[in-house]
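Enquirer: next come a sequence and a model predicted from it.
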Amino acid sequence: MVHQKKIKALGLCSGGLDSILSALVLKHQGIDVVWVAFETPFFSAEKARKASINNGIPLIVKNITEPYMPMLKNPPCGYGKNMNPCMDCHALMFRIAGEMMGETESDFLFSGEVLGQRPMSQKRNSLRYVEKNSGFDGYILRPLSARVLPETPVEIKGLVDREKLYGFSGRSRKPQMELAEKFGVTDYPSPAGGCLLTDPGYARRLKDLFDHQAKIAVPELDLLAFGRHFRLNSEVKLIVGRNKEDNARILNLYRPDQDMALKLKSINGPVGLIPRGCERPDIEEAAAICAGYSKAPKNQPVPVCVTGPDGAFEVTVVPKSVSEVQGLLVY
């Protein structure tokens with residue numbers, strides 16, 4: 001007896017409701033579904049991990065920072081409102097997922113994208129751009145909007161039943177919520193995005209980094225999410241913690257072999273970090289800025305401990321007031 005191979009699909013998963021529903025729509029057609037979630041310093045796979053556990057769908061998590069950075073520095077379609085290259089991001093994700101089709105024995109790719117839900121990245125021409133630039137045009141299905149989009153080769157070949165797909169469009173979430181109720185899905189996150197590249201403050205700090213450094217290490221990207229950032233000059237940057245949580249996270253990202261860490265001696269105050277270090281005059285300026293955000297008496301010299309690749313030493317500085325350093329802040 002010849003056994004027909006079961007159809008299998010590999011889906012992009014953000015962990016949101018649309019991702020969940022798109023997988024369940026296919027699963028209810030008897031298709032074997034598996035998810036892939038991508039991670040970079042700008043977004044994580046935590047929601048996808050939870051969705052996988054809750055819905056019993058296997059998940060592959062893949063860090064794509066290395067191929068992501070060249071695209072992020074020069075996205076062919078440019079950026080959205082901040083530093084978010086949504087269309088080129090989606091094309092890259094589908095390209096990487098497409099390259100995984102062989103190892104996962106998948107017949108096609110899918111996602112939870114809904115036509116018109118997002119004004120820039122989910123317009124008809126945007127979805128088409130992603131397909132053409134992914135390198136896997138013809139293999140991509142969007143189950144929640146398939147019936148308001150042109151019929152795909154996936155449907156034409158009979159890998160899925162188009163009549164059992166959906167025709168959602170627009171920004172209303174009501175159809176998805178009704179479908180979730182039908183499938184018994186009750187635990188899902190709000191539709192708020194989890195990408196740091198859409199955050200205005202983070203985007204400005206990232207642009208500043210791109211403007212001043214050709215090579216950027218992952219810890220330097222992670223640091224963009226914490227503390228106050230000061231651009232002392234074209235080569236030197238200072239990060240100052242805002243609270244205990246910031247201080248802990250900054251120290252966790254401190255690289256003893258190349259960075260410099262600053263902390264006031266015997267006075268409560270923030271941790272400072274100079275990625276890649278600097279020379280004495282800049283160290284003293286950085287220490288004075290740190291002291292200015294501490295409980296140190298104003299206009300009185302205070303000792304600051306500096307720890308770097310060459311060991312630990314102290315500098316004595318007069319705290320700089322917050323108003324004095326406003327012009328150095330990368331907001």
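Expert: All right, it came through fine. Worth saying up front: this structure is predicted, and the values here are computed from it rather than measured.
Enquirer: please make it C-alpha for all contacts and neighbour counts, starting now.
Expert: OK.
Enquirer: just want the phi and psi numbers for residue 59.
Expert: The phi/psi pair for residue 59 (degrees, to the nearest 10) reads phi -130, psi 130.
Enquirer: bridged to it, which residues?
Expert: Beta-bridge pairing for residue 59 (DSSP bridges): residue 35.
Enquirer: can you get me a residue count around it?
Expert: 22 (other C-alpha atoms under 10 Å).
Enquirer: OK, contacts around it?
Expert: Counting by C-alpha atoms under 8 Å, 6 or more residues apart in numbering, residue 59 touches 34-37, 48-49, 52.
Enquirer: could you report the separation of it from residue 11?
Expert: Separation of residue 59 from residue 11 (C-alpha to C-alpha, to the nearest Å): 9 Å.
Enquirer: pLDDT weak spots in the stretch 1-150 of the chain?
Expert: Applying pLDDT under 70 to the stretch 1-150 of the chain flags residues 1-3, 120.
Enquirer: picking up where we left off before, if you rank the contacts of residue 59 by neighbours, which is first?
Expert: Ranking the contacts of residue 59 using other C-alpha under 10 Å puts residue 35 first, with 27 neighbours.
Enquirer: these two touch, right, that one and residue 58?
Expert: Yes: between residue 35 and residue 58 a contact is recorded at 6.1 Å, counting by C-alpha atoms under 8 Å.
Enquirer: what touches both of residue 59 and residue 11?
Expert: 34-36.
Enquirer: of all the residues you listed, which comes closest to residue 176?
Expert: residue 35 (19.3 Å; C-alpha to C-alpha).
Enquirer: residue contacts, the closest one?
Expert: 10-13, 57-60.
Enquirer: what do you get if the cut-off is 7 Å, keeping everything else the same?
Expert: For residue 35, the contact set (C-alpha atoms under 7 Å, 6 or more residues apart in numbering) comprises 10-13, 58-60.
Enquirer: ok, now residue 133?
Expert: Contacts of residue 133 by C-alpha under 7 Å, 6+ apart are residue 91.
Enquirer: what about it, helix or strand, and which?
Expert: helix 124-134 (DSSP states H and E).
Enquirer: list the buried residues for that helix?
Expert: Judged by neighbour count using 16 or more other C-alpha atoms under 10 Å, the buried positions of helix 124-134 are 126-131, 133-134.
Enquirer: which one of the residues you listed is nearest to residue 68?
Expert: Scanning the buried residues of helix 124-134 for proximity to residue 68, where the rule is C-alpha to C-alpha, the winner is residue 134, at 13.5 Å.
Enquirer: which residue ranges form the helices in this structure?
Expert: 17-27, 46-55, 65-73, 86-99, 101-104, 124-134, 153-156, 174-183, 200-212, 218-223, 244-252, 280-292 (DSSP state H).
Enquirer: about what we covered before: which one among the contacts of residue 59 gets closest to residue 95?
Expert: Nearest to residue 95 among the contacts of residue 59, with distances taken as C-alpha to C-alpha, is residue 36, at 12.2 Å.
Enquirer: okay, now the closest residue to that closest one other than its chain neighbours: neighbour count?
Expert: Sequence neighbours aside, residue 60 is the residue nearest to residue 36 in space, at 4.6 Å (criterion: C-alpha to C-alpha, 6 or more residues apart in numbering). Residue neighbour count, defined by other C-alpha under 10 Å, stands at 17 for residue 60.
Enquirer: need the contact list for residue 60.
Expert: By C-alpha under 7 Å, 6+ apart, the neighbours of residue 60 are 35-37.
Enquirer: any idea how far residue 220 is from it?
Expert: Taking C-alpha to C-alpha, one finds residue 60 at 26 Å from residue 220.
Enquirer: same question for residue 65.
Expert: 13 Å.
Enquirer: try residue 269
Expert: 22 Å.
Enquirer: just want to know which of those two has more residues nearby.
Expert: Neighbour count, other C-alpha under 10 Å: between residue 269 and residue 220, residue 269 has more, with 22 against 17.
Enquirer: residue 52 and residue 61 touch, don't they?
Expert: No: using C-alpha atoms under 7 Å, residue 52 is not in contact with residue 61; the gap is 10.9 Å.
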